[in-house]
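Chemist: Based on what follows, work out the 3D shape:
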Amino acid sequence: MKSTTLRQDVRDSILDAAERLFRRYGYKKTTIDDLAREAGIGKGTVYLYFDSKESVALSVVDLEFDRIRDRLQRIGRSRGQPAARLRQMLVERVMLRFDVAAGYSQTLDEVFSSVRIPFLERREQFLKIEAQVCAEVLLDGRQREIFEFEDALETAMLLMRATGSLLPLTLTPHQMSRREEIQETAGQIADLLLRGLLKRG
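Modeler: Next comes the predicted model:
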């Protein structure tokens, strides 16, 4: 058990170091030597946990998504009304990514351009997982006769894509709007979308 915990700690420290370096310099300029130095370990130790720089980068992407998914699941499973929970989820998915992007010196697309194909594949996979989390709230709302729609997952995907226009994937921190403005716009879009789901009559 102690050995497993130690291994996880080393892996986490490599990913923490990678996040810091990718934010500062981007993927292309970061080397395995840089990662090892930043994590305070030997280069060989990095390769015990990751077979390439690409696998480190994709693990960083996975880690950031796991945080977003966990936050959305907590909101989705909370006790609020379905419409309020769904609104919060739609706004949070935008703001959590805004906060991630704000920490990078380049756009997220530039940072991960060297691993573009697997990065885009993951992004699509994450979208589906987020939609499944939202679909659970939609179904709860329909059961309570608050929402009206045909297919929960399809509706959730449309909600994801509609709010996806605000995700700062191709913007540098300097190009992004102020956080408060993005949050307000995300809320307005969420309100508009949710009004379309409310059961009539």
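Chemist: For stretch 150-162, the averaged confidence score.
Modeler: The pLDDT scores in stretch 150-162 average 95.
Chemist: just stretch 85-97 next, same as before
Modeler: 94.
Chemist: which residues are contacting it?
Modeler: For stretch 85-97, the surrounding residues in contact (Cβ atoms under 8 Å, 6 or more residues apart in numbering) are 67-68, 71-72, 75-76, 78, 80, 130, 133-134, 137-138, 141, 159-160, 163, 166-169, 179, 182-183, 186-187, 189-191, 193-194. No exception for glycine: its C-beta is placed from N, CA and C like everyone else's.
Chemist: List the contacts of Phe65.
Modeler: By Cβ under 8 Å, 6+ apart, the contact list for Phe65 reads Arg122, Phe126, Ile129.
Chemist: Of these, which count as buried by neighbour count?
Modeler: Taking 16 or more other Cβ atoms under 10 Å as the criterion, what is buried in those is Arg122, Phe126.
Chemist: Show me which of the contacts of Phe65 is closest to Gly26.
Modeler: Distance ranking of the contacts of Phe65 against Gly26, using Cβ to Cβ, places Arg122 first at 17.9 Å.
Chemist: Could you measure from that closest one over to Ser59?
Modeler: 11 Å (Cβ to Cβ, to the nearest Å).
Chemist: before we move on, back to that, are any of the contacts of stretch 85-97 buried, and which?
Modeler: Among the contacts of stretch 85-97, the ones that count as buried by 16+ other Cβ under 10 Å are 68, 71-72, 75-76, 130, 133-134, 137-138, 141, 159-160, 163, 166-168, 182-183, 186-187, 189-190, 193-194.
Chemist: Any stretches of the chain with poor pLDDT?
Modeler: For the chain, the stretches flagged by pLDDT under 70 are 1-6, 108-109, 111-112, 169-176, 201.
Chemist: pull the longest helix from it.
Modeler: Using DSSP state H to define each element, the chain has its longest helix at helix 116-143.
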